[in-house]
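Engineer: Predicted model and sequence follow; I will ask about them next.
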Amino acid sequence: DKYACKEYRHSLDLMIKHCNYDRKSIPQQTDISKFLQSTTMFKLRPVAGLLSSRDFLNGLAFRTFFCTQYIRHHSKPLYTPEPDICHELLGHAPMFANRDFCDFSQEIGLASLGASDEDIEKLARCYWFSVEFGLCKEFNPLKGKHEMKAYGAGLLSSFGELEYACGEGGDDRGEKPEIEPWDPQEASHTEFPITTYQPKYFLAESLADAKLKMRKHCEGLPRPFFAQYNCQTKTIFIDRQIKRMGIDDK
């Protein structure tokens with residue numbers, strides 16, 4: 001409640017009500033996926049390990065989130081460098097019950113279809129600094145000012161990094177992260193560590209602002225075609241003919 005955005009808090013209440021999110025039971029991916037499909041038409045698809053950035057982002061275009069199933073080691077319960085079931089179900093799944101966030105994620109996925117390897121890498125960085133570690137402003141009427149809240153799953157599933165990013169104390173040495181305004185173009189060129197807390201985060205004016213800026217950024221990317229998702233048939237429509245590549249053509 002202290003550092004999570006209002007969209008996450010609302011969605012988490014829905015997960016508690018409909019998906020057995022409580023201290024006495026273990027939520028099941030099948031139940032969660034069915035609930036998400038009925039609310040935002042997003043679904044979870046279990047995978048055994050990490051996928052390539054291209055394969056993972058392509059899945060988002062079809063409103064599909066590839067979800068890991070293993071759990072972090074008990075010696076480090078507050079942080080894991082790799083996504084685990086705690087990260088997926090506590091960080092990602094509740095946000096996929098929010099339609100704006102789903103549309104935001106799908107924008108990145110659609111832009112990845114047919115993208116060059118260089119642009120896939122850039123889109124993966126945008127994903128990292130938003131869907132995984134994004135911050136947004138939220139007005140607190142009691143204090144009469146805006147506060148930083150987390151909407152990124154990497155923060156929402158890591159109490160230690162959540163406190164580090166949104167709190168005032170910084171890390172164990174008192175060092176605080178750099179906070180920059182959300183800019184997909186800058187984020188796409190920013191390197192990041194995967195085994196430590198992030199030295200830099202991007203702060204959006206709101207979740208809607210993050211989506212609009214990402215959409216504008218994706219529209220400016222060079223692509224061989226533009227893709228549009230048909231929610232009724234669950235297929236992708238492209239605006240021009242393309243040639244299928246055989247094995248001998250690669």
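Structural biologist: Thanks, I have it.
Engineer: lowest confidence element among the helices and strands of the chain?
Structural biologist: Using mean pLDDT, DSSP states H and E, helix 85-86 stands out as the lowest-scoring helix or strand of the chain, at a mean of 82.
Engineer: Centre of the chain to it, how far?
Structural biologist: Relative to its parent chain, helix 85-86 has a centroid offset of 14 Å by C-alpha atoms, centre = their mean, to the nearest Å.
Engineer: Residue 12 and residue 94 touch, don't they?
Structural biologist: Yes: with contacts counted by C-beta atoms under 8 Å, residue 12 reaches residue 94, the gap being 4.7 Å. All C-beta spots, glycine's among them, are computed from the backbone N, C-alpha and C.
Engineer: Same drill for these two, tell me which one is more crowded.
Structural biologist: residue 94 (27 against 20; other C-beta atoms under 10 Å).
Engineer: hang on, isn't the more buried one packed against residue 16?
Structural biologist: No: counting by C-beta under 8 Å, residue 94 does not reach residue 16; the two are 9.5 Å apart.
Engineer: Which elements pack onto the least confident helix or strand of the chain?
Structural biologist: If you count contacts as 3 or more C-beta pairs under 8 Å, 6 or more residues apart in numbering; DSSP states H and E, helix 85-86 packs onto no helix or strand.
Engineer: immediately after it, which helix or strand?
Structural biologist: On the C-terminal side of helix 85-86, the closest following helix or strand by DSSP states H and E is helix 93-95.
Engineer: Would you mind pulling up the elements that that next one packs against?
Structural biologist: helix 6-18, helix 153-156.
Engineer: which other residues reach stretch 154-171?
Structural biologist: By C-beta atoms under 8 Å, 6 or more residues apart in numbering, the surrounding residues in contact with stretch 154-171 are 2-4, 8, 78-80, 86-88, 90-92, 94-95, 132-135, 148-150, 176-177, 197-198, 201.
Engineer: ok, 7 Å please
Structural biologist: Contacts with stretch 154-171, where a contact means C-beta atoms under 7 Å, 6 or more residues apart in numbering, come from 3-4, 8, 78-79, 86-87, 90-91, 132-133, 135, 148-150, 176-177, 197, 201.
Engineer: how much space between the residue nearest the centre of the chain and residue 230?
Structural biologist: Residue closest to the average C-alpha location in the chain (C-alpha atoms, centre = their mean): residue 131, at 2.3 Å. Residue 131 is 23 Å from residue 230, where distance means C-beta to C-beta, to the nearest Å.
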